[in-house]
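*Asks:* can't give you the sequence, but here's the structure:
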Ligand SMILES: C[S@@+](CC[C@H](N)C(=O)[O-])C[C@H]1O[C@@H](n2cnc3c(N)ncnc32)[C@H](O)[C@@H]1O
């Protein structure tokens, strides 16, 4: 490991790791990882991405639902301390650093400490998960807009989804697996059709990627395969989901991306 140059001013890059595999990383992210002295990464970051940071010290500062995690202040302190010691610090965050990842707070903490910081966008799971399953979030004549909401509590989506006319946009939900029944009930209560197609996209961009298919009527009883019970998931709601089946009907050159599978009455029909 090369020690940071004496007297060199440290800096921090808030880097998006994309949704999973290293080939969905930006070239800039890969280059910064290769030159980093210290990498502070989220739990959802794929080990193959971390492997690109060959010479750096690496610490997981990540959070996963229900498990103890480092508090935000400690993450700020670690970034600032590393930079003050002259290190090139990469704060590596899943997807895009500024989409539901508290990246803004981290950037503000660095600015307050006078540490130079650059944000490197990543491919957010909000876009990558549907795209990898062949689902276009907009499609002429089907959906001319999409909204991305956090599903972790009704207070997080009530105002946006409550103001949407039924079927007026594709709805992409992050952090919504645990509240999928409440989410479905919310939309049904606002006039969305029970037959509205829904995709539940688990571990998108990784080798374990898995796509489940439901409707608003069955989303509440949909269950992930046991092996993916803790996997991150993105929910896509709207008629565009049905296009995913047509778009993937001829298969994929890579063969590794699962097709959207049928789910009946909450039982998963399998889709690897
Ligand atoms: C705290 S948010 C961070 C989102 C991240 N900044 C991004 O742009 O993708 C974490 C949520 O993103 C979604 N997510 C992250 N990785 C995912 C993946 N590989 N497949 C599907 N959804 C994912 C899940 O909804 C998860 O609960």
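*Replies:* Good, I have the coordinates. Because the structure is a prediction, the values reported are computed rather than measured. Numbers count the residues shown, from 1 in each chain.

*Asks:* Which residues of this structure lie near the ligand?
*Replies:* 19-20, 44, 93-96, 99-101, 124-126, 129, 174-175, 201, 203-206, 232-234 (CB under 6 Å from any ligand atom). Where you see a C-beta, it was placed from the backbone N, CA and C, and this is true even at glycine.

*Asks:* how far away is the residue of the stretch 51-200 of the chain found nearest the ligand from residue 111?
*Replies:* Residue of the stretch 51-200 of the chain nearest the ligand, by CB to the nearest ligand atom: residue 95 (2.0 Å). Applying CB to CB, to the nearest Å, the value for residue 95 to residue 111 is 22 Å.

*Asks:* Between these two, which has more neighbouring residues?
*Replies:* residue 95 (32 against 11; other CB atoms under 10 Å).

*Asks:* so what's the more buried one bridging to?
*Replies:* The partner list for residue 95 in beta bridges (DSSP bridges) reads residue 18.

*Asks:* surely it meets residue 121?
*Replies:* No: with contacts counted by CB atoms under 8 Å, residue 95 stays clear of residue 121, the gap being 9.6 Å.

*Asks:* Please enumerate the shared neighbours of the two.
*Replies:* Common contacts of residue 95 and residue 121 (CB atoms under 8 Å, 6 or more residues apart in numbering): residue 16.

*Asks:* burial count for residue 94?
*Replies:* 26.

*Asks:* and it, what does it touch?
*Replies:* Contacts for residue 94 (CB under 8 Å, 6+ apart) come out as 16-19, 42, 44-45, 101, 122, 125, 232.

*Asks:* Put together JSON lines for the residues you listed, with distance to residue 168, pLDDT and secondary structure on each row.
*Replies:* As requested, these are exported to JSON lines (distance: CB to CB, whole Å; pLDDT from 0 to 100; DSSP: H, G, I helix; E, B strand; the rest coil):
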{"residue": "16", "distance to residue 168": "29", "pLDDT": "97", "secondary structure": "strand"}
{"residue": "17", "distance to residue 168": "32", "pLDDT": "95", "secondary structure": "coil"}
{"residue": "18", "distance to residue 168": "29", "pLDDT": "93", "secondary structure": "strand"}
{"residue": "19", "distance to residue 168": "27", "pLDDT": "90", "secondary structure": "coil"}
{"residue": "42", "distance to residue 168": "33", "pLDDT": "91", "secondary structure": "coil"}
{"residue": "44", "distance to residue 168": "31", "pLDDT": "82", "secondary structure": "coil"}
{"residue": "45", "distance to residue 168": "35", "pLDDT": "89", "secondary structure": "coil"}
{"residue": "101", "distance to residue 168": "28", "pLDDT": "87", "secondary structure": "coil"}
{"residue": "122", "distance to residue 168": "29", "pLDDT": "97", "secondary structure": "coil"}
{"residue": "125", "distance to residue 168": "23", "pLDDT": "96", "secondary structure": "helix"}
{"residue": "232", "distance to residue 168": "27", "pLDDT": "93", "secondary structure": "coil"}
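
*Asks:* a markdown table please, covering those residues and showing neighbour count.
*Replies:* As requested, the contacts of residue 94 are exported to a markdown table (neighbours: other CB atoms under 10 Å):
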| residue | neighbour count |
| --- | --- |
| 16 | 25 |
| 17 | 30 |
| 18 | 25 |
| 19 | 30 |
| 42 | 20 |
| 44 | 20 |
| 45 | 21 |
| 101 | 22 |
| 122 | 28 |
| 125 | 28 |
| 232 | 23 |
